[in-house]
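Q: Turn this into a structure:
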Amino acid sequence: MHILLWALLATLGTWFVTALGAATVAFFKRPDPTALNRMLGFAAGVMIAASFWSLLQPAIERAAGVCALPPYVVATAGFLCGAAFMRLSDAVVCAARGERDPRKGRILLLVLSITLHNIPEGLAVGVAFGALQNGFTREALTGAVAVAVGIGLQNFPEGAAVSVPLRREGCSRQKSFLVGQASGMVEPLAGVVGALAVVRVEPLLPYALSFAAGAMILVAVHELIPACRENETAKPYAATTGIVLGFAVMMLLDVMLG
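A: From the prediction side, this is the model:
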C-alpha cells in the first residue's frame, strides 16, 4: 500500500507540472496572431521531439528486455498503429458531425494525442515504483523518483502545447487552461495501474510508448504545422522559429534528464 501511495503521489506531481505548463496561457491577454503562431509552432516542435526522446527511444530500450519481438518491430508496429488510430479517430468524428470543422477537429486531435501520450508515461512511473515490491533499496527508490521527476519536468512544455493552441483557436484562457491540465489527469490513474500490475504492464509499455509517438507525429505534422503557418505573410519565420525552439527545449529536457 505504501508503494501504491508513492506511485499516486509521484504521478499527481507530474500532473501538477502539466497544469503549471497549461497555466502559461494566462500570459496571453490579447492574443497576437504572430505570437500565437509562434507558440503553436512551439507546441509542434515539443510534440515531435517528445515522440522520439520521450516515447520511441524508451520504447526501443524497454522492448529489448521485455518483448519477444525485436525492438525495431515493436517500435514500428506501435508507431504505425498510433498514427492509424488518430487518422481513424478523425474520420469517425467527422462522420459523426456530418462535416469537418477544421478548428474543432484540430482541437480534438491535439487533446487526444497528448492524453494518449500521458498514459504510458504514467504507467512508466507506476512500474518504476511497483518494481520496489521485488526489492526495496535506496538505489531503486532513487531511480523511481528520478523517473517521476524527469517525466514531470517534461510535462511543463507539454501542458503549454495543449493550452496555447487552444487559445489560438479561440478558446478562453480559462477553458484553455482547464483542458490543458486535464490532459495530464490520466497520469495518476495510469501510475496506480502500473504499480498494481507491474509484471503484466511492463511488456506492454514499449507498444504503448510507440503507439503514443505515432499519434503525436500525425497530429503535429497534419494539424499543428499547417495551422501555425496560416496568416504569417508579415513574419514568415515566426512559426518556423517556434518549431525549432520547441524541439530544442524538449530535446534538452529529455536528454538532460535521461
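
Q: contacts, neighbours, all on C-alpha from now
A: Fine.

Q: give me the low-pLDDT residue ranges for the stretch 101-250 of the chain?
A: The stretch 101-250 of the chain contains residues with pLDDT under 70 at 101-106, 134-137, 139-140, 143, 199, 231-234.

Q: can you map out the helices along it?
A: Along the stretch 101-250 of the chain, the segments classed as helices by DSSP state H, counting those that start in this stretch run 102-130, 138-168, 173-182, 186-196, 198-201, 205-219, 225-228, 238-257.

Q: what's the longest one packed up against?
A: When contacts are defined as 3 or more C-alpha pairs under 8 Å, 6 or more residues apart in numbering; DSSP states H and E, helix 138-168 sits against helix 2-22, helix 33-50, helix 102-130, helix 173-182, helix 238-257.

Q: Of the ones you listed, which is nearest Gly159?
A: helix 2-22 (4.3 Å; C-alpha to C-alpha).

Q: For that closest one, the averaged confidence score.
A: Average pLDDT, helix 2-22: 89.

Q: before we move on, back to that, and the helices of the stretch 101-250 of the chain as TSV, adding mean neighbour count?
A: Below are the helices of the stretch 101-250 of the chain laid out as TSV (neighbours: other C-alpha atoms under 10 Å):
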stretch	mean neighbour count
helix 102-130	24
helix 138-168	23
helix 173-182	20
helix 186-196	25
helix 198-201	16
helix 205-219	29
helix 225-228	20
helix 238-257	20
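
Q: Which one of those helices lies nearest to Gln57?
A: That would be helix 205-219 among the helices of the stretch 101-250 of the chain, by C-alpha to C-alpha, at 8.6 Å.

Q: who touches that closest one?
A: 47-48, 50-52, 55-56, 58-60, 62-63, 74-87, 109-110, 113-114, 116-117, 120-121, 123-124 (C-alpha atoms under 8 Å, 6 or more residues apart in numbering).

Q: how about the helices of the stretch 101-250 of the chain in TSV, adding distance to Ala23?
A: Formatted as TSV, the helices of the stretch 101-250 of the chain follow (distance: least, C-alpha to C-alpha, whole Å):
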stretch	distance to Ala23
helix 102-130	16
helix 138-168	7
helix 173-182	6
helix 186-196	18
helix 198-201	32
helix 205-219	21
helix 225-228	21
helix 238-257	17
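
Q: what pLDDT does Ala84 get?
A: At Ala84, pLDDT is 91.

Q: on that earlier part again, which of the contacts of helix 205-219 count as buried?
A: 47-48, 50-52, 55-56, 58-60, 62-63, 74-76, 78-87, 109-110, 113-114, 116-117, 120-121, 123-124 (16 or more other C-alpha atoms under 10 Å).

Q: how close does the closest residue to Leu245 other than its chain neighbours sit to Val249?
A: Spatial nearest neighbour of Leu245, excluding adjacent residues (C-alpha to C-alpha, 6 or more residues apart in numbering): Phe42 at 6.2 Å. Phe42 is 9 Å from Val249, where distance means C-alpha to C-alpha, to the nearest Å.
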